[in-house]
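Asker: give me the fold of what follows.
(one chain, ligands or ions: 1)
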Amino acid sequence: MAICPHCKKHEFGVSHLSFGERPGSWHCDVCGYYSLVTVSGSKANPIYSIELTGERAYPITVTLETRTVPPVIFKLNAWKYAHSKNDSPEKFVENQRYYYEESTCPTNCLMITEQLIFEGDKDPHGLFQLKKIEIGHIDQNKDETLEIGAGIAQIES
Ligand SMILES: [Zn+2]
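Answerer: Below you'll find the model as predicted:
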């Protein structure tokens, strides 16, 4: 692990880096500052060092609304990254519109959702309806020999 040199809170995973590898700068999910991780030492005993680049990202809250009637509103904890720092407000908004409306998978937005609003309710219990439980994750090859464990119900409606 390498600790963010600015906030000293976020830990970057570095064990996947090889000796001599330069992964480019990473932005801290806590404070937004960018750091550069370098791997020195030797292949057998890599030494990880981390230093601030001087660049930073700024936290922004993005509000998205589904095209359903009534709409569901999602508030996302997102970032204005360093590569957008010189964008005019209009260009930044247009780039964000393209990203959220056309480019990124809606599922990606759910991972950074901070608040979900339905008909004005910021904690809309009952919004979701359980439809089905299956063994395994979508991207896994399902093991047909797995049996449903005790206490796991299989629901399909
Ligand atoms: Zn940080």
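Asker: report the buried residues of the longest strand that the chain contains.
Answerer: The single longest strand within the chain, with elements called by DSSP state E, is strand 46-56. Residues of strand 46-56 classed as buried by neighbour count (16 or more other C-beta atoms under 10 Å): 46, 50, 55-56. The way it works is simple: take the backbone N, C-alpha and C, and place the C-beta from them, glycine included.
Asker: now the element after that strand, going C-ward?
Answerer: strand 58-65 (DSSP states H and E).
Asker: list the helices and strands that following strand packs on?
Answerer: For strand 58-65, the elements it packs on are strand 72-80, judged by 3 or more C-beta pairs under 8 Å, 6 or more residues apart in numbering; DSSP states H and E.
Asker: where does this structure have low pLDDT?
Answerer: 135-136, 139-157 (pLDDT under 70).
Asker: residue 112 contacts residue 79, doesn't it?
Answerer: No - using C-beta atoms under 8 Å as the test, residue 112 is too far from residue 79 to be in contact (9.2 Å).
Asker: re earlier: among the buried residues of strand 46-56, which one lies nearest to the ion?
Answerer: Lowest distance from the ion to these (C-beta to the ion) belongs to residue 56, with 9.2 Å.
Asker: one step back: between residue 112 and residue 79, point out the one with more neighbours.
Answerer: Remark: of residue 112 and residue 79, residue 79 carries more neighbours, 17 against 14, as counted by other C-beta atoms under 10 Å.
Asker: list phi and psi for residue 106.
Answerer: Reported as degrees, to the nearest 10, the phi and psi values for residue 106 are phi -50, psi -30.
Asker: ok, it to the ion distance?
Answerer: Distance of residue 106 to the ion, computed by C-beta to the ion, to the nearest Å: 28 Å.
Asker: and that residue, how many neighbours?
Answerer: A total of 10 residues lie near residue 106 under the criterion other C-beta under 10 Å.
Asker: what's the longest helix seen in the chain in contact with?
Answerer: For the chain, the helix that runs over the most residues, judged by DSSP state H, is helix 89-98. Here helix 89-98 makes contact (C-beta atoms under 8 Å, 6 or more residues apart in numbering) with 62, 80, 84, 87.
Asker: now the element after it, going C-ward?
Answerer: That would be, after helix 89-98 and using DSSP H and E, helix 106-111.
Asker: can you list contacts of that following helix?
Answerer: If you take C-beta under 8 Å, 6+ apart as the criterion, helix 106-111 is touched by 64, 74, 76, 100.
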